[in-house]
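Participant: build the 3D model from these lines:
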Amino acid sequence: MAEHDEETGARARLRKAEEAAKSQPASATMRLSTFLKTVEKKRRLSRKDRLRIVEQALLLLNMNYVHLPLKRAMHAVDPIQRLKLLRFRLLEVKESQLPSEMQFHQRMIEIFASTRDLHTMYLLPAPFKDRVAYLPFLIEQYFETIRGERTEKFMVSRVVTEFYESIPNAGPEVLFFEPGVEVLYWNGVPLRRAIEINGETQAGSNIEARFARGLDNLTIRPLETSLPPDEVWVDLTYRSRTGRTLTLRQEWLVHATGSAGTATLASRSSKKKRAAIDIKKTKINQMRQTLFAPREVRVRTSMEHAFNAGIRTVDGREFGYIRLFSFDVAEPDELVKEFVRVLQSDGFPQEGLIIDVRSNGGGEIRAGERLLQLFTPRRIKPELFEFINSPLNLEICRQAPKHWELSRWAESIADAVVTGATYSSGFPFDSEEACNDIGQVYHGPVVLITDALSYSTTDIFAAGFQDNDVGEILGTSDNTGAGGANVWWYKDLINAFGKHPKSPFKTLPRGADMLVAVRRSIRVGRHAGRPLEEFGIVPDRRHHMTKRDVLESNDDLIMRAARILMKKPKYALSVRPFKPKDGSRGVVINAVSKIEPPDSRKNISRLDVYLDGRPYKSLDAEDGFIHARRITLRRSRRKKIELLLEARDRENKLVAVHRRAI
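Facilitator: Take a look at the predicted model:
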């Protein structure tokens, strides 16, 4: 497999914007000041419209929002009271004295953002839908170590060169503005503080997530999820490569993502009831994919948006590298199938795999949980999900279509009338059997790379990775985004009641929308019972991004992950069918251990063979190896025999599994 390292996240988004500047018509992009003038001319939301939005938000947060008790306790907030006050003020004011529509949207965004939950959001109506405000450069964080002391710095990592080259009579602040310059101030505010201020409006669950989102959204801001920037332009003070301190003034631009030649932003799985997705992050990532040329990756076209795979060489050794961009797929089983094909493809390294989920906004929960089995011999225990107990949630579980599979929660919600429990019983989305129907495919060690922008299903995937002891987690932040819930769109709540005449959910005016965390995720294994929301996943090790990571291809990060893999045990199991002379069926089995000398007890000691779920034979290994051992299988009338191999080390621990039909 050819080596390929694709840029992702904010860096790739800016590259997309750069390409868009070359290919899109002028009408696709305008100055922020021009856009705001067009907004002022649009028809205003009436008082009746605003009351409808507020009353439906009250219903949604009070009766469906699963994290309300947690958020009230952790952040000392009361979004319900704030909505009641907003409703009261709307009822008291005259129609002619209504505050501006922008002020109303600002209040609604602030109330939802107070929960610090990116699964629970107020989405703005037209003309903000499918608009993105951006600056034609990108800022990223990195660290330098000087005399043993680590120092945080920020640099411009990407610049839309065509934009600045077109400026007539450009001064030195433009001519010296290039990737690699160090950023010092944002409108006179020290950059770290400016990022923190921006992060406070981004609803990150923890400090790490808020800072990461403050940086990620510093120069690219989808307007459906946040109002336009307050400032029309930004004064960016930076230190050039020659050491000069200069200030660049840059106007905000607005890109129309639904203009000719570009697609509107719509999540593939966001309308499904088994999704856990960061809508803001997904919309930005989909804009990047819409505006840029297709990737040259060794995965099927239908999965290009989800992941790519390549080979990275460190210290002369090859490692598999998979960048998992998104779990937002139409068919979760197809993602799993394509992963299996890539892992088993010729030339793909089998002695160490790096899975990089940084900036992955989530998607289908089933996709994330079913992938885990491919990397471990242990049985995967899926995470559990709970409703908050309320009369409305009980009615939803009873009224919703059968294929939504909500009836199993209904009984425990009804019991809450007697028990007074806050949450329902927890059930997995998929059975344990569904999460283990394929089994281990990759037998080498695996490292997972996360950051504070890993959210939703990616949080759930990382939790399962840790809870089921699949491998080590290497974080470029001290935590993940901590989004532990199943998110529903407002339309899902309407559809749950269908045409029921007593449905409390009413259509929202002017295309306004809301989404809400309906079921919370509860961890299993050694973290059993711990909620994922707010707490997230703390990595086993931390890597501080370097200047080389930011400007090149994450070289130091990949090296750090590879050196973790080098110290891990490596196993291989293979099976090749053959036909004995008596007409029966047989297999040739190979088992390999590669263990560092201090860990000799981790060598394969024996291999247990099962046929159709029953014990058949046990083979002893010699120095951790079984070489070309032939086994004749018992006769069976069945066309296929289910063969299962379980390799155990000298401490009787399961270290590798191989399953196939013969």
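
Participant: going by C-alpha atoms from here, please, whenever you check contacts or count neighbours.
Facilitator: Fine.

Participant: SS state for the residue located most distally from the centre of the chain?
Facilitator: Most distant from the centre of the chain: residue 582, at 53.9 Å, with distances by Cα atoms, centre = their mean. The three-state label given to residue 582 by DSSP: H, G, I helix; E, B strand; the rest coil is coil.

Participant: got the phi/psi numbers for it?
Facilitator: Here is the backbone geometry of residue 582 (degrees, to the nearest 10): phi -80, psi 0.

Participant: what about it, distance to residue 639?
Facilitator: 17 Å (Cα to Cα, to the nearest Å).

Participant: OK, contacts around residue 49?
Facilitator: For residue 49, the contact set (Cα atoms under 8 Å, 6 or more residues apart in numbering) comprises 508, 509.

Participant: how far away from the center of its chain is the helix or strand where it lies?
Facilitator: Assigned by DSSP states H and E, residue 49 falls within helix 47-63. Centre-to-centre, helix 47-63 and its host chain are 29 Å apart (Cα atoms, centre = their mean, to the nearest Å).

Participant: C-terminal to that helix, what's the next element?
Facilitator: helix 68-75.

Participant: show me which residues of that next one are buried.
Facilitator: 68, 71 (16 or more other Cα atoms under 10 Å).

Participant: would you mind getting the angle between the helix or strand just after that helix and helix 47-63?
Facilitator: Counting by DSSP H and E, the next helix or strand C-terminal to helix 68-75 is helix 79-92. Orientation check (axes from the mean of the first three to the mean of the last three Cα atoms, to 10 degrees): helix 79-92 against helix 47-63 gives 160 degrees.

Participant: for whichever strand or helix holds residue 495, packing partners?
Facilitator: Counting by DSSP H and E, the element that carries residue 495 is helix 490-497. Judged by 3 or more Cα pairs under 8 Å, 6 or more residues apart in numbering; DSSP states H and E, the packing partners of helix 490-497 are helix 391-399, strand 513-522.

Participant: got JSON lines for these, with mean pLDDT, mean neighbour count and distance to residue 578 too?
Facilitator: Putting these into JSON lines (pLDDT from 0 to 100; neighbours: other Cα atoms under 10 Å; distance: least, Cα to Cα, whole Å) gives the following:
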{"stretch": "helix 391-399", "mean pLDDT": "94", "mean neighbour count": "19", "distance to residue 578": "53"}
{"stretch": "strand 513-522", "mean pLDDT": "95", "mean neighbour count": "24", "distance to residue 578": "46"}
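
Participant: still on that earlier bit, give me the residues contacting the helix holding residue 495.
Facilitator: By Cα under 8 Å, 6+ apart, helix 490-497 touches 271, 273, 396, 399-401, 503, 505-506, 513-516.

Participant: tell me, how many residues neighbour residue 529?
Facilitator: By other Cα atoms under 10 Å, the residues close to residue 529 number 14.

Participant: next SSE after the worst-scoring helix or strand of the chain on mean pLDDT?
Facilitator: One helix or strand of the chain scores below all others by mean pLDDT, DSSP states H and E: helix 279-291, with a mean of 50. Once helix 279-291 ends, the next helix or strand along the chain (criterion: DSSP H and E) is strand 307-314.

Participant: elements contacting the helix or strand following that next one?
Facilitator: Following strand 307-314 in sequence order, the next helix or strand is strand 317-324 (DSSP H and E). Where contact means 3+ Cα pairs under 8 Å, 6+ apart, strand 317-324 is packed against strand 307-314, strand 353-356.

Participant: so which of those strands gets nearest residue 645?
Facilitator: strand 353-356 (21.9 Å; Cα to Cα).

Participant: now for that closest one, which elements pack on it?
Facilitator: With contacts taken as 3+ Cα pairs under 8 Å, 6+ apart, strand 353-356 sits against strand 317-324, strand 446-450, helix 555-566.

Participant: out of the helices and strands packed on strand 317-324, which gets nearest to residue 555?
Facilitator: strand 307-314 (9.2 Å).

Participant: for residue 632, see how far away the residue farthest from the centre of the chain is.
Facilitator: Residue 582 is 10 Å from residue 632, by Cα to Cα.

Participant: ok, residue 641 next?
Facilitator: Distance check for residue 641 against residue 632: by Cα to Cα, it reads 12 Å.

Participant: between the two, which one's more packed in?
Facilitator: Neighbour count, other Cα under 10 Å: between residue 641 and residue 632, residue 641 has more, with 19 against 14.

Participant: my guess is the more buried one meets residue 613, correct?
Facilitator: No: with contacts counted by Cα atoms under 8 Å, residue 641 stays clear of residue 613, the gap being 9.7 Å.

Participant: where does pLDDT dip in this structure?
Facilitator: 1-27, 43, 258-300, 636-637 (pLDDT under 70).

Participant: if we use 80, what do you get?
Facilitator: Scanning the chain with the threshold set as pLDDT under 80 gives 1-28, 40-44, 202-205, 257-302, 417, 581-583, 597-598, 634-639.

Participant: re the thing from before, so which of the helices and strands packed on helix 490-497 gets nearest residue 363?
Facilitator: Closest among the helices and strands packed on helix 490-497, using Cα to Cα: strand 513-522, at 13.6 Å.

Participant: ok, then the element right after the closest one?
Facilitator: Next element after strand 513-522 (DSSP H and E): strand 541-542.

Participant: gap between that following strand and the chain center?
Facilitator: With Cα atoms, centre = their mean, you get 19 Å for strand 541-542.

Participant: how about stretch 204-223?
Facilitator: 14 Å.

Participant: what's the first-to-last distance across that stretch?
Facilitator: 17 Å.

Participant: can you pull out the strands in the stretch 51-200 of the chain?
Facilitator: Counting by DSSP state E, counting those that start in this stretch, the stretch 51-200 of the chain has strands at residues 121-123, 131-134, 137-146, 149-159, 182-186, 189-190.

Participant: ok, and what's touching the third one?
Facilitator: Applying Cα under 8 Å, 6+ apart, the set of residues contacting strand 137-146 from outside is 10-11, 14, 150-160, 183, 215, 218-219, 544-547, 550.

Participant: of those residues, buried ones?
Facilitator: Buried among the contacts of strand 137-146 (16+ other Cα under 10 Å): 10-11, 14, 153-160, 183, 215, 218-219, 544-547, 550.

Participant: what's near enough to touch residue 543?
Facilitator: 474, 475, 476, 477, 557, 560.

Participant: any of those buried? List them.
Facilitator: Counted by 16+ other Cα under 10 Å, the contacts of residue 543 give 474, 475, 476, 477, 557 as buried.

Participant: okay if I get those as CSV plus secondary structure?
Facilitator: Formatted as CSV, the buried ones among the contacts of residue 543 follow (three-state DSSP):
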residue, secondary structure
474, strand
475, strand
476, coil
477, coil
557, helix
